[in-house]
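Chemist: sequence plus the predicted model coming up.
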Amino acid sequence: DQPRVLLYAGATKDMGKMLGGEEEKDPDAQKKEEERQEALRQQEEERKAKHARMEAEREKVRQQIRDKYGLKKKEEKEAEEKAALEQPCEGSLTRPKKAIPAGCGDEEEEEEESILDTVLKYLPGPLQDMFKK
């Protein structure tokens, strides 16, 4: 019978809290909360350090594979491609797109106008007048 009494005593104490009664103030609550927060921070730092070590090991293996097969890092490859684009080859017959003067080459606006004109030709007279206005 005695364990039941303890069980009920704890239950009535919690019931009082639920019904809006005053909670008991723990004098060490602030200190415990600070210790808990510090423990969480320490765990997070350890987790980050572990992941950094794992990533460093992975990068080491990746580098060994790159060296073995003569591959380059993505950043290195992009840097080389960018440098190649910026530096035109001597004697190249192609020119950068920016060098084409305005008004030369194919322009979409002219095509759109000619298509519109073509459609207007096949419309009946009153509709043509409406669209021309």
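Modeler: Ah, there it is.
Chemist: now do the same for Gly70: its pLDDT.
Modeler: Note on Gly70: pLDDT of 90.
Chemist: wait, Ala84
Modeler: In the predicted model, Ala84 carries a pLDDT score of 80.
Chemist: in which helix or strand does it reside?
Modeler: According to DSSP states H and E, Ala84 maps onto helix 74-86.
Chemist: what comes up buried for that helix?
Modeler: Neighbour counts over helix 74-86 (16 or more other C-beta atoms under 10 Å) mark no residue as buried. Using the backbone N, CA and C atoms, a C-beta is placed for each residue, glycine as well.
Chemist: contacts for it?
Modeler: With contact meaning C-beta atoms under 8 Å, 6 or more residues apart in numbering, helix 74-86 is reached by Lys72.
Chemist: got the CA coordinates for stretch 124-133 in PDB?
Modeler: The C-alpha trace of stretch 124-133 is given here as PDB (Å, rounded to 0.1, in the frame of the first residue of the first chain):
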ATOM      1  CA  PRO A 124     -11.000  38.900 -94.000                       C
ATOM      2  CA  GLY A 125     -10.900  42.600 -94.900                       C
ATOM      3  CA  PRO A 126     -12.800  43.900 -91.800                       C
ATOM      4  CA  LEU A 127     -10.600  41.900 -89.400                       C
ATOM      5  CA  GLN A 128      -7.500  43.300 -91.100                       C
ATOM      6  CA  ASP A 129      -8.700  46.800 -90.500                       C
ATOM      7  CA  MET A 130      -9.300  46.000 -86.800                       C
ATOM      8  CA  PHE A 131      -5.800  44.700 -86.300                       C
ATOM      9  CA  LYS A 132      -4.000  47.400 -88.200                       C
ATOM     10  CA  LYS A 133      -5.500  50.100 -85.900                       C
END
